[in-house]
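Novice: Sharing a sequence plus its predicted fold:
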Amino acid sequence: MESKLKPSRDQFYKYINGVLSEDQAHDFYNTYDLENQVYEENGKFGLVNCLDELLLLPLFDNFMLLSSKPLVPGHKVVSQQNGLWGIVKLDGGLGECIVEPIYEYISYPNTIVACYKNKKWGILNTTTNEFIIPMICDHISLENGFIFCNGIGTFEIDGKCGVMRDVGEHTEAIFDEVELDFDQVVKVRIGEVWGYINAGGKFTEDSDEAYYWCGV
């Protein structure tokens, strides 16, 4: 397999900043090696990007990285220290702490992430560092490390299901079952009755009031 080329700094940052057209970005991604590199010193790990720019000093136990996502200073990564996970902003040095490393698991770092600790899950907004849903969930749906699939995620509390949109809007955990079909409205069941979720996050049998949509 032919190895990919290393991009120039100018090309790389045009790609990162969205200056390229969709076709140019697609060609760039397929032509150049954009993978970040984890390096080790004295049993700890740091990060550099594909330009060999320093992103983090070797102070960490591990990282949760997407191989397809090139990183630059200012981006966030899930990082492990002393066996627990947090989120840091890349700054070419120690890293700016966004979420303290106190969790047993954190999903991939989007604006909204799932956190796990002491057998409970919560959903955290990393911009405000406030919980959208506190650490009371028994289960959160995860698709390859992400909360949302086609814009929708689900969670469970005391045997009941709730639904969340990828903008943070969510229902209470009041449903017995949730049905997600791509490019369709979300269907939910309470007892024996199937229905939908309205704009207020409540159950409705009226399909015209359906607000939660599973799709891109």
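Specialist: Okay, I see it. Numbering: from 1, shown residues only.

Novice: in this protein, which spans are helices?
Specialist: Applying DSSP state H to the chain gives helices spanning 9-16, 22-31.

Novice: Tell me which of those helices approaches C149 most closely.
Specialist: The minimum distance between C149 and the helices of the chain falls on helix 22-31, with 22.4 Å, by Cβ to Cβ. Every residue, glycine included, has its C-beta placed from N, CA and C.

Novice: Which strands or helices does that closest one pack on?
Specialist: helix 9-16 (3 or more Cβ pairs under 8 Å, 6 or more residues apart in numbering; DSSP states H and E).

Novice: coming back round to it: who wins for proximity to Y105 among the helices of the chain?
Specialist: helix 9-16 (28.1 Å).

Novice: Run the angle between that closest one and helix 22-31 for me.
Specialist: 120 degrees (axes from the mean of the first three to the mean of the last three Cα atoms, to 10 degrees).

Novice: Report the buried residues of helix 9-16.
Specialist: Neighbour counts over helix 9-16 (16 or more other Cβ atoms under 10 Å) mark 11-12, 14-16 as buried.

Novice: so E130 touches L124, yeah?
Specialist: Yes: with contact defined as Cβ atoms under 8 Å, E130 reaches L124; the gap is 7.4 Å.
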